[in-house]
Structures are given as C-alpha cells and as structure tokens.
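Novice: Okay, sequence plus prediction incoming.
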Amino acid sequence: MIEIKDLHKSYTIGKNALHVLKGINFNVKEGELVAIMGSSGSGKSTLLNILGMLDVADEGTYTLDEFPIKDLNETKAAKYRNKFLGFIFQSFNLINYKSALENVALPLYYQKVPRKERNETAMKYLAKVGLADWASHLPSELSGGQKQRIAIARALAAQPKVLLADEPTGALDSKTSYEVMQLIQEINDEGKTILVVTHEDDIAKMCKRVVQLKDGVIIEDKYVEQVRASDHV
Amino acid sequence: MFNRDSWQEIFETISKNKLRTFLSGFTVALGIFIFVILFGFGNGLKNSFQEFFMDDATNIFRLFPGRTTIPHNGFKTGRFIEFDNDDLAEIQKTFKSKIQYITPRITRNYTVKFKSKSNNYGLRAVAPGHQAAEKTILMKGRYINNEDIENKTKYAVIGRLVEKDLFEGKDALGKFIDIGKRSFKVVGVFQDDGGDNEERYVYIPYTTNQLIEKNTDKLEQIIVAFKPEIGYGGAMNFEEELMTFMKKRHNIHPNDQGAIYLRNVADDLEQNQQFGSLLQMVVSFVGLGTLIAGIIGISNIMVYVVKERTKELGVRKAIGASPRSVILMILQESIFITTAAGYVGLFSGIMLLSSLGDSLDDYFIKNPYINTGTAIFATIILIVFGAIAGYVPARRAARIKPIVALRDE
C-alpha cells in the first residue's frame, strides 16, 4: 500500500540545515495497523506529514497504492489527500461552527457528492462511531472522546485508502484513549490501513507493528502481539 | 463553483457566524449609507444655493446711477448722475434688436393700510417687464400692464404676505388700500421663489409714482433684459455698447468707473456657478473620503476574517479543499455580504433622503437627492474593494501549507 525509499527531509533554520529524516525505507501492506514511535524531534511527525502530502520530501520516492506521489502542487495534493487519505489530529480540528454531521460530510462536499447522499453517508459513519444521536450537535457541545470519534468518522467518510492519525489520543485521558483505540482497531479489523503516530507505549502496543524512529532513522521495525483495547475498557 | 451547493455552504457559514457577517455587512452598509446621505445633503445645499441666487432672470443688466469721478466736458467730479424717462426710451430705441424687455425700478417705503390694518412695506414702481426680470409669479389678478403705465393708474399688485397680513386670509382683489396717503386698487396678488421678503413688496406703475412725486421724470434703476439668443459673447458686447452709450448721453468720461454701475447677472451667474461647482467638489471630496473610510473598514474586517479562519481553511485543505475553492469560497462570501449590505445601505440612505424632502429647508438643504447611478457606482466600488481586500489574504491563506495553518492556534 505504502512504499517509501530513501526519504530525506531537512529544514533550513537561519543558516543551519536541520536534517530531520535521513533516509527512511519503509513499506506498509494493506490492512496493517502501524504505530510510529519516537521521542520529540525524532522526525515522526515530519514522516507523517510527508505521508499525508502535507509536506514534501527533499529526496526519495513515495508510492501510495502503486501511485507515485511526486511533483505535487497544492491543487493536486488537495485532490490526492481527498481521494487517498483520511486525517485524525491530536486537536481534532473540527470546524467549530459546523454540526457533527456537517463536519463528517465536509470531505464529501469536496468530492462533489450531492448533498443528500453526502448527509446519508455522513450519518452512516456517525452511526459507526456510535454518535448518530449527536449528529446535530456542535463540537463545543461534545466531550474530547466524542470529538475524536467525530474526527474519525470524518476521516472515514471520504473512504480513503489510508488513515493517518497524529497522536490521536494525545489530548485524551486513558479511558477515553482506549475507547478511541478500540474504534481504530475495529476499523482496522475491517481491513483499513492505519498509521498512528504516538509516543505512548500502551497505545503502540495496541497496533500490530511498531516502528521506532530516532534522529531521523528507523532503529527498530517489529511486529507485535496486538493488545485489544476492549480488554482495558 | 457557483452552483447551488457552494451557495448552500456559504449561507451556512454566514448564518453560523453572525457576528462576523454583521460586522462586515454593517461596515459596508454604514459606508454606503453615509455616502448617500452626505452626497444627498451636498446636492441639497447646491439646490438651495442655486435657488438663492437664481430667483431672478439671468439675462438682465441692472444699471445704477452713481457719481462721476473724472472731470469731463467741463463738468466737475462728484456730479450725481440721474436716469430719466428719456434714457429708457432711447435705450429701447437704440438697442431694439437686442432687447427682450426693459423696465425701470423705483424703490420706496410706505405704510400700507387696509381698513384698520397697516404695515410698512417696500414699494417698487415698475413697468410690465419687471415681472419677467424678477420671475414674479401671479397667484391671481394681473400684473401692471402698459395701459397702467400710459394712464398712470392707481393700481397695485401686492405680495402674498401683504395680502395675508392686511386682509387676514380674505381676498384682496378689487379692494382699495392706502399707500401713503393715496388710495390704490389691488389688481393682482403674487408670490416669488425669492423668499418671504420678496413677497412683502407692493408693485405700482412707475409713471404713477412719478406723478405722485411732483410729476418728475427721474428713474432710479434701469433693468435691461437682452435676448437670450445673442449668447454670452453677445451679452458681453451689448454690455459694453450700453455703457458707452449711457456715458456719452450723460457726459461721462469713458474711463469713469463710478458714474454708472452696470451689474450683469450673467457675470453673477458665472460666479455663482463657479461657487456651485466648488460646493460640488467639496461634496464629492467628502463622499470620496467616506468611501475610502468604508474601503479601509471593509479591508480591515476581511483581513481579520481570513486571519480568524486560517485554521479552518487549513482543516478544509487537509480534507481535500483545493486552494482555488478556498479563495472562491471567501470571495463569494465577501461579495455576497457586501452586495447585500451595500444594497441595504443604499436603499435606507435613499429612503431617508426622500423622506426628508424639504424638511431641512431651514438649514439650506433643499430637496436632497443622489443620482441612482452615483449611488450604485459607489456601492460597486465598495464591493470591488471588499473583494480585493478579501482576495489578498484569502490567497495567502490558500497558499499556506495545511500543517502550518493547523499549527496556528
């Protein structure tokens, strides 16, 4: 599903170049649930941003579902993001004046799906994350866990190839974190490829594969025994 | 992009961000409203100004006798010049082809009495031509006519306010009033656009006045109306010819500036029109200032709005909005708001102006109005600048990478 070869990325800060990613080679097959771990500054967020086409690499190739990702301009990137990727952010990033349903339906708006169909699909995904009753509520009326579930529903609504989650539980307490992880596991069980950036060990253990990053290189890449989040809830 | 769906998206955004919508809309509406009001007031000021100075006919010369300042033909300086009936007749004879009408005017002050009511009024002894020169409007009866002049009749035409004062609402026509110690029959009542003072005059035939004053043939002022078709240049020539003619008749040195005064209303008109256009410039300047203030206001708000939405735009981009759709959304929204608000401001401004009507006449603002074209032009200017003001930050926001926008807390 994802193939990355010899990926380099550096940022220029003043006169100094900060080499963040120093040659990453990394493949993800369909249906995997991968945790990307590392301390801050290890380059894990940069890697995710490049995977999410929110940022571009300096060197290396990136193939997504056998589709080479290169020469991206903003318009093209927006199109690919919409088609291939679903994002889950630490701070949810819901649009605060839109209801839960409208937030979930928004990616479909940019896919030019007719309004009625849009709302039906959005409702379906809201039901999937267990928040159908909250469809008309604004994000400000929801708890953190509920917001993240709305965000997951939004990420799913566009039916992406890959879900990218950047510290999805970073802003949540552990009980809610496990609930969100349970949802992510369920989605993965249905066959969706998911990448989770985290620095929490217990969250990483709930994935099927853990990739350790340090100073811009992968130091460990292993498959683990998945801990089911439902055991903790 | 301008389909039903994008409109729906915009209406949702507008209806859920009422304060933002109100602020930007209010700025535009207020800007246009003030522009319309100020411009309308300016036009009103111009109107009353024009009426002020143009209550009389504009194709007339007024000749006044003065005192000589240069000795000439054996006459010393300081000699008083006097006009008489011969002057009137000679001018008429000599410049027949250029004159539309000619009338003398002798001004006196008399106590005018009807029964027990009496008051002091200005008296003007004139010829029939005076009606056109002063643009006197007859309400009833008739003006002084040629027969009155010939027969030196004791007929009087009185102002609307004279009738109101002396007759207390009753009809004055055919009644006899005392002017000084003599009895005159009222043959007409007039009104005048020149205001209340103009309507407190009494007109009588100038010949009658001369008869009363020991059968003199002296006149005070001679008003000559030239034919409008001779044009401005023709009028200027005529003015010179008339002066030369009169100076010669009265043995005045050709360079004597004090012996006869000639006031050319056409000159006044020119000056007044210059003043009028100065006024128009001031009005336009004020309008322009208001408009610029409005543009700055809407620009500020647009910058603020886009800034406030940076994160939202980042989210939209992360889930698939193209930069173009982001810019279009902001532009469409801002144009919609400014257009709607501009229309509200325009409409309420025009409504207020037309409801004012003549209620501000006392403040020299008469019939304030604004050209619909000017108002619509101003509105469009504001919409265009609002769009430009929104476009610049919107383009910037659309260019920011989503991660940067999302980091922007």
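Specialist: Arrived safely, thanks for sending. Residues are numbered from 1 along each chain as shown, chains lettered A, B, ... in the order given.
Novice: B:V305 should be in a strand, yeah?
Specialist: No. When the secondary structure is assigned by DSSP: H, G, I helix; E, B strand; the rest coil, B:V305 falls in helix instead of a strand.
Novice: Leaving out the residues flanking it, which one is nearest to B:S15?
Specialist: B:T21 (7.9 Å; C-beta to C-beta, 6 or more residues apart in numbering or on different chains). In this view, the C-beta of every residue, glycine as well, is placed from N, C-alpha and C.
Novice: counting contacts, what elements does the helix or strand hosting that neighbour pack onto?
Specialist: Element membership for B:T21, per DSSP states H and E: helix B:18-53. Helices and strands touching helix B:18-53, by 3 or more C-beta pairs under 8 Å, 6 or more residues apart in numbering or on different chains; DSSP states H and E, are helix B:265-308, helix B:323-356, helix B:372-399.
Novice: Low-confidence stretches in the stretch 201-350 of chain B?
Specialist: Along the stretch 201-350 of chain B, segments meeting pLDDT under 70 span B:266, B:268-269, B:273.
Novice: who in it is up against chain A?
Specialist: When proximity is defined as C-beta under 8 Å from any C-beta of the partner chain, the stretch 201-350 of chain B approaches chain A at B:311-312, B:314-325.
Novice: what about the residue nearest to B:S15, distance to chain A?
Specialist: Distance, B:T21 to chain A, using C-beta to the nearest C-beta, to the nearest Å: 11 Å.
Novice: and if you look at B:F61?
Specialist: 74 Å.
Novice: contacting residues around the closest residue to that residue other than its chain neighbours?
Specialist: Nearest residue to B:F61, sequence neighbours excluded (C-beta to C-beta, 6+ apart): B:V224, at 4.7 Å. Contact partners of B:V224, counting by C-beta atoms under 8 Å, 6 or more residues apart in numbering or on different chains, are B:I60, B:F61, B:L63, B:I91, B:F95, B:I99, B:I102, B:L242.
Novice: now the strands: where do they sit in chain A?
Specialist: Counting by DSSP state E, residue ranges of the strands within chain A are A:2-13, A:16-28, A:33-37, A:59-64, A:67-68, A:85-88, A:162-166, A:193-198, A:209-214, A:217-223.
Novice: which residues touch stretch B:242-255?
Specialist: The set of residues external to stretch B:242-255 that reach it, using C-beta under 8 Å, 6+ apart, is B:61, B:63, B:68, B:70-73, B:75, B:81, B:87, B:90-91, B:94-95, B:224, B:256, B:259-260, B:262.
Novice: Quote the end-to-end distance of that stretch.
Specialist: Length of stretch B:242-255, first residue to last, C-alpha to C-alpha, to the nearest Å: 14 Å.
Novice: Over to the residue nearest to B:F61. Which of the three states is it?
Specialist: The three-state label for B:V224, taken from three-state DSSP, comes out as strand.
Novice: Quick check: it vs chain A, distance?
Specialist: Going from B:V224 to chain A by C-beta to the nearest C-beta gives 77 Å.
Novice: doesn't B:A259 make contact with B:F64?
Specialist: No. Counting by C-beta atoms under 8 Å, B:F64 sits too far from B:A259 to count as a contact (10.1 Å).
Novice: Looking only at neighbour counts, state which of these two leads.
Specialist: Remark: of B:F64 and B:A259, B:A259 carries more neighbours, 24 against 13, as counted by other C-beta atoms under 10 Å in any protein chain shown.
Novice: Can you tell me how far B:H72 is from B:K247?
Specialist: Using C-beta to C-beta, to the nearest Å, we find B:H72 at a distance of 9 Å from B:K247.
Novice: list residues touching both of those two?
Specialist: Overlap between the neighbourhoods of B:H72 and B:K247 consists of B:H253, B:D256, taking contacts as C-beta under 8 Å, 6+ apart.
Novice: still on that earlier bit, between the strands of chain A, which one is nearest to chain B?
Specialist: Ranking the strands of chain A by distance to chain B, with C-beta to the nearest C-beta as the measure, places strand A:85-88 first at 5.3 Å.
Novice: That closest one pairs with which strands?
Specialist: Strand A:85-88 has the following strand partners under DSSP bridges: strand A:162-166 (parallel).
Novice: what does the partner strand rub up against?
Specialist: Outside strand A:162-166, the residues that touch it by C-beta under 8 Å, 6+ apart are A:1-2, A:28, A:45, A:48, A:51-52, A:64, A:84-90, A:152, A:155-156, A:184, A:187, A:192-197.
Novice: Residue of the stretch 201-350 of chain B nearest chain A, please.
Specialist: Closest approach of the stretch 201-350 of chain B to chain A (C-beta to the nearest C-beta) occurs at B:G320, with a separation of 2.5 Å.
Novice: Could you give the number of residues near that residue?
Specialist: 25.
Novice: roughly how far apart are it and A:L72?
Specialist: The value you get for B:G320 to A:L72, if C-beta to C-beta is used, is 14 Å.
Novice: show me the contacts for A:L108.
Specialist: Counted by C-beta under 8 Å, 6+ apart, A:L108 has contacts A:E117, A:R118, A:T121, A:A122, A:A157, A:A158.
Novice: And those, which is closest to B:Q131?
Specialist: The nearest member of those to B:Q131, counting by C-beta to C-beta, is A:R118 at 80.0 Å.
Novice: The closest one against A:K112, yeah?
Specialist: No. A:R118 is not in contact with A:K112 according to C-beta under 8 Å; the separation is 9.5 Å.
Novice: biggest helix in chain A, by residue count?
Specialist: Criterion DSSP state H: the longest helix present in chain A is helix A:174-189.
Novice: Quick check: pLDDT value at A:V129.
Specialist: With respect to pLDDT, A:V129 scores 90.
Novice: Likewise for the one 3 residues further on?
Specialist: Each residue has a pLDDT score; the one for A:A132 is 91.
Novice: Where does pLDDT dip in chain A?
Specialist: A:233.
Novice: Give me the spatial nearest neighbour of A:K192, chain neighbours excluded.
Specialist: Leaving out its chain neighbours, the residue that sits closest to A:K192 by C-beta to C-beta, 6+ apart is A:L163, at 6.0 Å.
Novice: roughly how far apart are that neighbour and B:L331?
Specialist: Noted for A:L163: a distance of 33 Å to B:L331, by C-beta to C-beta.
Novice: Look at these two and report which has more neighbours.
Specialist: A side-by-side neighbour count of A:L163 and B:L331, using other C-beta under 10 Å, places A:L163 first with 22 against 19.
Novice: For beta bridges, what are the partners of the more buried one?
Specialist: A:G86, A:I194.
Novice: separation between it and A:A151?
Specialist: In this structure, A:L163 and A:A151 are 11 Å apart, going by C-beta to C-beta.
Novice: what do the two both touch?
Specialist: Between them, A:L163 and A:A151 share these contacting residues under C-beta under 8 Å, 6+ apart: A:I88.
Novice: What residues does chain A have near chain B?
Specialist: Where proximity means C-beta under 8 Å from any C-beta, the interface of chain A facing chain B comprises A:49, A:52, A:54-55, A:74-75, A:78-79, A:81-83, A:87, A:89, A:91, A:93-98, A:102, A:106-107, A:109-112, A:114-115, A:154, A:158.
Novice: Next one: the residue nearest the centre of chain A from A:E3, what distance?
Specialist: Compute the mean C-alpha point of chain A, and by C-alpha atoms, centre = their mean the closest residue is A:L164, 1.6 Å away. When C-beta to C-beta is applied, the distance between A:L164 and A:E3 equals 16 Å.
Novice: got it, and A:L85?
Specialist: The separation that A:L85 has from A:E3, given C-beta to C-beta, amounts to 15 Å.
Novice: Closest approach to chain A from the stretch 1-150 of chain B, which residue is it?
Specialist: When scored by C-beta to the nearest C-beta, the stretch 1-150 of chain B has B:K16 as its residue closest to chain A, at 4.1 Å.
Novice: Without its sequence neighbours, what residue ends up closest to that residue?
Specialist: If you skip the residues right next to it in sequence, B:K16 has A:Y97 as its closest partner in space, 4.1 Å away by C-beta to C-beta, 6+ apart.
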